[in-house]
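In: give me a model of this one.
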Amino acid sequence: MVIDFHVHIQPRNSDDDVLKFLDTMSELGIDMAVVHALGRTREEVDASTRNIARVVEKHPDRLIGFGSVFPSDRDAIDRLHEQVTSMGLRGLKLHPLLQQFSPGDSYMSPLMEKCIELDIPALFHTGGGYMRDGRLRDADPVLLDELAGRHPAAKIIIAHGNPFGPDPYIAARHENVYLDTAMTFAQMSRLIPHVGAEMLAWMNTDERLLFGSDAFPDHLNLFTYNLDPVRAMQISEESKAKVLGGNAARLLNLA
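Out: As a prediction, this is how the structure comes out:
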């Protein structure tokens, strides 16, 4: 099974857009995708989360939904609880730049404990961003190293895992940390074809790398841009199967 762990479907996308998105997944041999909420404001995040719940309900065999909250909000934990227990969402997506928060802030602890209680993963945007929102230092994966250490039972995903940054070492240090391959890995591996195998060696495991594309219905080309380098990795077929979907299925309790 191939699972794309990092895609987006926004309220602006029509039902026809979603069907084309799913058709493209099928053409490329992608069985399922994890759809993440996205927005700069609370209103945008709420609308994105509701839309994801609606789309996932229509296509439960192909899509899995992750909602989002603003971590600093007093009702963040209650909203997350509702998203999981009432809306059927399966995880939390957080974007420190767009949502202008730091994973190192104290209010993150009760939110992580809620994720542990609900048994859901939390995916964090890391690295750069062309938008002018927030501070780049808040998207530094080193902050997740500290968060993972404080909450060893939390399932934390470093989105846009950087083979040349601290990310592989953070995963090696913490058994609860995963990396996804969306964009950064694809860019690096196209420049240096063997970087994927080296990254797994630095991580000292093939159990916690997740294929992701960051694809939108507006940018279907991102599927192949990100999928081809993963399929070309110079690793065993067993390891490749884990990266392409086996690790995601285990993390999402599908296997």
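In: tell me the average confidence for the strand or helix carrying residue 6?
Out: Using DSSP states H and E, residue 6 sits in strand 3-7. Strand 3-7 shows a mean pLDDT of 98.
In: can you check stretch 164-179 too?
Out: Stretch 164-179 comes out at a mean pLDDT of 97.
In: please report phi then psi for residue 36.
Out: For residue 36, the backbone dihedrals are phi -110, psi 140 (criterion: degrees, to the nearest 10).
In: from memory it sits against residue 92, does it?
Out: No. If you go by Cβ atoms under 8 Å, residue 36 and residue 92 don't touch, sitting 9.2 Å apart. Using the backbone N, CA and C atoms, a C-beta is placed for each residue, glycine as well.
In: coming back round to it: just the C-alphas of the strand holding residue 6, formatted as PDB.
Out: This file holds the C-alpha atoms of strand 3-7, laid out as PDB (Å, rounded to 0.1, in the frame of the first residue of the first chain):
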ATOM      1  CA  ILE A   3       0.100   6.300   1.500                       C
ATOM      2  CA  ASP A   4       0.900   9.900   0.800                       C
ATOM      3  CA  PHE A   5       1.200  11.400   4.300                       C
ATOM      4  CA  HIS A   6       1.100  15.100   3.300                       C
ATOM      5  CA  VAL A   7      -1.500  16.600   1.000                       C
END
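In: where does the prediction get shaky in the chain?
Out: Scanning the chain for pLDDT under 70 picks out 255.
In: just the strands in it please.
Out: 3-7, 32-36, 63-67, 91-94, 121-124, 155-158, 177-180, 209-210 (DSSP state E).
In: wait, which of these is closest to residue 220?
Out: Closest to residue 220 of these is strand 3-7 (Cβ to Cβ; 10.3 Å).
In: from the contact counts, what lies against that closest one?
Out: Using 3 or more Cβ pairs under 8 Å, 6 or more residues apart in numbering; DSSP states H and E, the elements in contact with strand 3-7 are strand 32-36, strand 209-210, helix 247-251.
In: give me the residues contacting that strand.
Out: 21, 25, 30-36, 123, 157, 159, 180, 182, 210-216, 223, 227, 244-245, 248-249, 252, 254 (Cβ atoms under 8 Å, 6 or more residues apart in numbering).
In: try stretch 131-139
Out: 40, 96-103, 124-129.
In: same check, this time on stretch 8-17
Out: 18, 21, 35-36, 38, 47-48, 51-52, 55, 58, 63, 214-218.
In: just give the nearest non-adjacent residue to residue 92, would you?
Out: residue 122 (4.4 Å; Cβ to Cβ, 6 or more residues apart in numbering).
In: residue 152 against residue 173, yeah?
Out: No. If you go by Cβ under 8 Å, residue 152 and residue 173 don't touch, sitting 10.8 Å apart.
In: mind checking the longest helix of this protein?
Out: helix 42-58 (DSSP state H).
In: thinking again about what came up before, need the buried ones from the contacts of stretch 131-139 selected in PyMOL.
Out: Buried subset of the contacts of stretch 131-139, written as a PyMOL selection, criterion 16 or more other Cβ atoms under 10 Å:
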select buried, resi 96+97+98+99+101+102+103+124+125+126+127+129
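In: looking at the contacts of stretch 131-139, spot the one nearest residue 77.
Out: Out of the contacts of stretch 131-139, the member with the shortest distance to residue 77 (by Cβ to Cβ) is residue 101, at 14.5 Å.
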